[in-house]
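*Asks:* got a predicted model here, sequence first, then my questions.
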Amino acid sequence: MFRLVYVSSALKPFGQDELLDLLVKARSKNNQQHITGILLYKDGNFLQVLEGEESAVRELFATIENDPRHRGTIVLMEDEDESPLFSQWSMGFRNLADPDVQAMEGFSPFMNHTLAPSDFKDDPSGCLDLINLFRQGR
């Protein structure tokens, strides 16, 4: 199983309806391609984990990279693992600006910072902490 984690920035902030539309379409496409993962959003910034067969994940990521609604795509991690982190989720979603989410024990300030490649190149642990917080359902 192949995993890819990336961040990007929306050209303009997404409203709740736009986020829900994005999520519905992502879940449908991901189900067809047997891709799982999670999408996190805060103040115009996205962090997404895609998991599945490597060629399917890379094909989906190429489509995502060309989506004109965002820019500055930065791949934080690419790896192989025997089991997916999000096997039950065609696409989990959290809006990190939600005060209830920010109040969760263990909430990471990862997405409160400017997303620059140099911040994550050598140590992507900040994104892993945040991903694991939601995977564990806290």
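*Replies:* Done, it's in. Since the model is a prediction, treat every value here as computed from it, not as a measurement. Residues are numbered from 1 along each chain as shown.

*Asks:* pairing partners for the longest strand along the chain, with directions?
*Replies:* Longest strand of the chain, by residue count under DSSP state E: strand 70-80. Paired strands of strand 70-80, with direction, are strand 2-10 (antiparallel) (DSSP bridges).

*Asks:* tell me the mean pLDDT for the strand it pairs with?
*Replies:* What strand 2-10 shows for mean pLDDT is 90.

*Asks:* send me that strand as PDB with only the CA atoms.
*Replies:* Presented in PDB, the C-alpha positions along strand 2-10 are these (Å, rounded to 0.1, in the frame of the first residue of the first chain):
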ATOM      1  CA  PHE A   2       1.400   3.400  -1.100                       C
ATOM      2  CA  ARG A   3       0.800   6.600   1.000                       C
ATOM      3  CA  LEU A   4       1.300  10.200  -0.200                       C
ATOM      4  CA  VAL A   5       0.900  13.200   2.100                       C
ATOM      5  CA  TYR A   6       0.800  16.700   0.700                       C
ATOM      6  CA  VAL A   7      -0.200  20.300   1.600                       C
ATOM      7  CA  SER A   8      -1.500  23.100  -0.700                       C
ATOM      8  CA  SER A   9      -3.100  26.500  -0.400                       C
ATOM      9  CA  ALA A  10      -6.500  27.400  -1.900                       C
END
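
*Asks:* tell me the helix or strand right after that strand.
*Replies:* Going down the chain from strand 2-10, the next helix or strand is helix 16-33, by DSSP states H and E.

*Asks:* pull the CA atoms of the helix or strand that that following helix is followed by into CSV?
*Replies:* As assigned by DSSP H and E, the chain's next helix or strand after helix 16-33 is strand 36-42. Extracted C-alpha coordinates of strand 36-42, given in CSV (Å, rounded to 0.1, in the frame of the first residue of the first chain):
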residue,chain,number,x,y,z
THR,A,36,-8.5,5.9,1.3
GLY,A,37,-7.3,8.9,3.3
ILE,A,38,-8.1,12.1,5.1
LEU,A,39,-8.4,15.8,4.1
LEU,A,40,-7.7,18.5,6.6
TYR,A,41,-8.6,22.1,5.9
LYS,A,42,-7.9,25.3,7.8
